[in-house]
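S.K.: fold the following, please.
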Amino acid sequence: MRVLVACESSGTVRDAFGARGHDAWSCDLLPGERPGQHYQADLCKVIGMGWELVIAHPPCTYLSSSGLHWNSRRPERAAQTADALDFVRRIMAADVPRLAIENPIGCISTQIRRPDQIIQPWQYGHDGSKATCLWLRGLPPLVPTDTVLPRLVDGRPRWGNQTDSGQNRLGPSPTRWRERSRTYQGIANAMATQWGGA
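M.R.: Numbering: from 1, shown residues only. Take a look at the predicted model:
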């Protein structure tokens, strides 16, 4: 199957599909982080190239709930959120038979439509919590593959990527956005295994 993993520079999902024999490509404005089939280009220039499956990870900076609170304090962000939503709408309108859009909980759910599924890394073999929405077309929901139980802190579940208060352990840094946006390998493998034959 011809697979495009959009807005991915890490190659994680692309390589999971490639390992299963698919003609998988990634596309991002950034260069690829590792060798592999990668378009360093605007997604709108390659999305119409006859893909059978597109998995898109639109940038979440102006879409996720964790960043939307800044819109009231910095008015220019509201326009950037509107642009980000337009980008998601263009992806949703793409002429591809199978489509998945991945993003954290945020305004796609309220401004466009609710997700078809919300998944967690701990459902796919990782000691991590990160609620991730999936908007699907022509694909079944992902089935969890390997549940990792949390530790309990004052009766509340906490995973390895969280502090005891529930915050993400990654402190501020120039590369924090990149580290937090990476797809967990267990989720990438589930996508390739379960959607690769869909």
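S.K.: make it CA atoms for all contacts and neighbour counts henceforth
M.R.: OK.
S.K.: okay, how far is it across stretch 93-106, tip to tip?
M.R.: 20 Å (CA to CA, to the nearest Å).
S.K.: near residue 79, how many other residues are there?
M.R.: Residue 79: 12 surrounding residues under other CA atoms under 10 Å.
S.K.: A helix includes it, no?
M.R.: Yes: counting by DSSP: H, G, I helix; E, B strand; the rest coil, residue 79 is located in a helix.
S.K.: what's the distance between it and residue 105?
M.R.: Distance, residue 79 to residue 105, by CA to CA: 19 Å.
S.K.: show me where the protein has helices.
M.R.: Shown for the chain, the helices assigned by DSSP state H span residues 12-18, 43-46, 65-68, 76-92, 108-111, 176-181, 185-195.
S.K.: make CSV from those helices and add distance to residue 2 and mean pLDDT to it.
M.R.: Compiled in CSV, the helices of the chain are given as follows (distance: least, CA to CA, whole Å; pLDDT from 0 to 100):
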stretch, distance to residue 2, mean pLDDT
helix 12-18, 10, 98
helix 43-46, 13, 95
helix 65-68, 33, 60
helix 76-92, 17, 88
helix 108-111, 27, 90
helix 176-181, 24, 59
helix 185-195, 12, 98
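S.K.: comparing the ones you listed, which comes out most buried?
M.R.: helix 12-18 (a mean of 25; mean count of other CA atoms under 10 Å).
S.K.: what's around the spatially closest residue to residue 118 that is not a sequence neighbour, how many residues?
M.R.: By the measure of CA to CA, 6 or more residues apart in numbering, the closest residue to residue 118 outside its immediate chain neighbours is residue 133, 4.4 Å from it. Neighbour count of residue 133, defined by other CA under 10 Å: 22.
S.K.: against residue 46, how distant is residue 133?
M.R.: To residue 46, residue 133 is 24 Å away according to CA to CA.
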